[in-house]
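A.B. asks: Need coordinates for the following:
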Amino acid sequence: MLAHQGLALDCMPNSLEAFAAAIEAGADYIETDAHGTRDGIAVLFHDDELNGVKISSLLKAELPDYIPTLSSALTKFPDAKFNIDIKNFEASAPVAAVINTHSAQNRVLLTSFSSSRRKNTIKMAPGTASSPGVGEFGPALIAAIFGQQWLVTRYLRGFDAVQIPSSVLGLNIVSKRLVKMYHTAGVKVHVWTINDPEHMLTLKNAGVDGIVTDRTDLAVIALKN
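C.D. replies: Numbers count the residues shown, from 1 in each chain. Sure thing, here's the model as predicted:
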C-alpha cells in the first residue's frame, strides 16, 4: 500500500502527522509530492501554488509549518519508504541532493508526469528507483494491448515500477493479462488512487503489486486480513 499524501483524516495532507498516521496504520510506502522553493529547499506539498502564489517563488521560511521538507521526513521516518512525485523543475536538484545526503536511494522511488523532471532528478541521484511518466508509459501500454511483449519489455527497460490509473478512456489497463505483461517486462505495478475496498480486492486479484490510496486504514483491512 502506498499512502497517498499520508493518512490525512485529522490533519493536513503531506504533513509529518499524516505520514506518521499512515505508517502506524500499516502503509508500505508514503506517497508524496515535492516542490523546490526559491531558496532551493525540497518541500512536500501537492499543489503548485499556496494561496495563489507559486511554491517555487516562495522561500521556505514563508511557508506554513505544516509543509515539511523532504529532509525532515526522511529524518523523522528513517525506516519508511517514500514514493516522491517531482512536481516542478525546481524540485529536481534539491530532491536529488537530499536523497544523496541521506543515502536514501534504497528507500525512494521517483516519479513525475514530466519525463524530463524525472530524468533530471535520476541523473543527479543515480541508483534511485523510478517509474515512467505518462509519455514514457504510453508506448508500452499500446504494445501491451496488442500483445507485443518484446516491445513492452523494451519500453519499460530501466524502470522499476509503473504507476498508473486502473483505466484510460474506459479501458481497463490493469487486467490480469496486461499486469502479467508488465511483470514479464520486469516492473511492479502500482495503481492510483483507489479508496474503495472492493476495487482494491479486484486489483489485488489482477496481480497488482501496490495500491495508492487516501485510506490506508481501509486498505489494511481489505488487503492484509
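
A.B. asks: Who are the contact partners of the residue nearest to the spatial centre of the chain?
C.D. replies: Central residue of the chain (C-alpha atoms, centre = their mean): N83, 3.9 Å from the mean position. For N83, the contact set (C-beta atoms under 8 Å, 6 or more residues apart in numbering) comprises 2, 29-32, 108-109, 111, 163, 190, 212. For the C-beta atoms, the positions are set from N, CA and C on the backbone; glycine is no exception.

A.B. asks: could you redo these as a markdown table and give each row distance to A42, secondary structure and pLDDT?
C.D. replies: Below are the contacts of N83 laid out as a markdown table (distance: C-beta to C-beta, whole Å; DSSP: H, G, I helix; E, B strand; the rest coil; pLDDT from 0 to 100):
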| residue | distance to A42 | secondary structure | pLDDT |
| --- | --- | --- | --- |
| L2 | 19 | strand | 97 |
| Y29 | 18 | strand | 97 |
| I30 | 14 | strand | 98 |
| E31 | 16 | strand | 98 |
| T32 | 10 | strand | 98 |
| V108 | 12 | strand | 98 |
| L109 | 15 | strand | 98 |
| T111 | 15 | strand | 96 |
| Q163 | 20 | strand | 97 |
| H190 | 22 | strand | 98 |
| V212 | 21 | strand | 98 |
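
A.B. asks: Can you get me the start-to-end distance on stretch 65-83?
C.D. replies: One end of stretch 65-83 sits 22 Å from the other (C-alpha to C-alpha, to the nearest Å).

A.B. asks: correction: stretch 75-93
C.D. replies: Terminal residues of stretch 75-93 are spaced 19 Å apart (C-alpha to C-alpha).

A.B. asks: and it, what's its mean pLDDT?
C.D. replies: Stretch 75-93 shows a mean pLDDT of 97.

A.B. asks: Buried residues, it. List them.
C.D. replies: Going by neighbour count (16 or more other C-beta atoms under 10 Å), the buried part of stretch 75-93 is 77, 80-93.

A.B. asks: did I read that right, the residue nearest to the centre of the chain in a strand?
C.D. replies: Yes: under DSSP: H, G, I helix; E, B strand; the rest coil, N83 falls within a strand.

A.B. asks: ok, it to D39 distance?
C.D. replies: Distance, N83 to D39, by C-beta to C-beta, to the nearest Å: 25 Å.

A.B. asks: ditto for I55
C.D. replies: Taking C-beta to C-beta as the criterion, I55 is separated from D39 by 12 Å.

A.B. asks: These two - which one has more neighbours?
C.D. replies: In terms of neighbours (other C-beta atoms under 10 Å), I55 is the more surrounded of I55 and D39; the figures are 26 against 11.

A.B. asks: contact partners of stretch 184-204?
C.D. replies: With C-beta under 8 Å, 6+ apart, stretch 184-204 has contacts from 2, 4, 31, 83, 131, 140, 149, 152-153, 155-157, 159-166, 174, 179, 182-183, 207-215, 218-219, 221-223.

A.B. asks: how about low-confidence regions in the protein?
C.D. replies: For the chain, applying pLDDT under 70 flags the ranges 225.

A.B. asks: Strands of that one, residue ranges please.
C.D. replies: Here the chain has its strands, by DSSP state E, at 2-4, 29-36, 42-44, 49-50, 53-54, 81-86, 108-111, 129-130, 161-165, 167-168, 171-172, 188-192, 210-213.

A.B. asks: what about these, which gets the closest to R117?
C.D. replies: Closest to R117 of the strands of the chain, according to C-beta to C-beta: strand 81-86, at 4.5 Å.

A.B. asks: Can you give the distance from the closest one to the centre of its chain?
C.D. replies: Offset of strand 81-86 from its chain centre (C-alpha atoms, centre = their mean, to the nearest Å): 5 Å.
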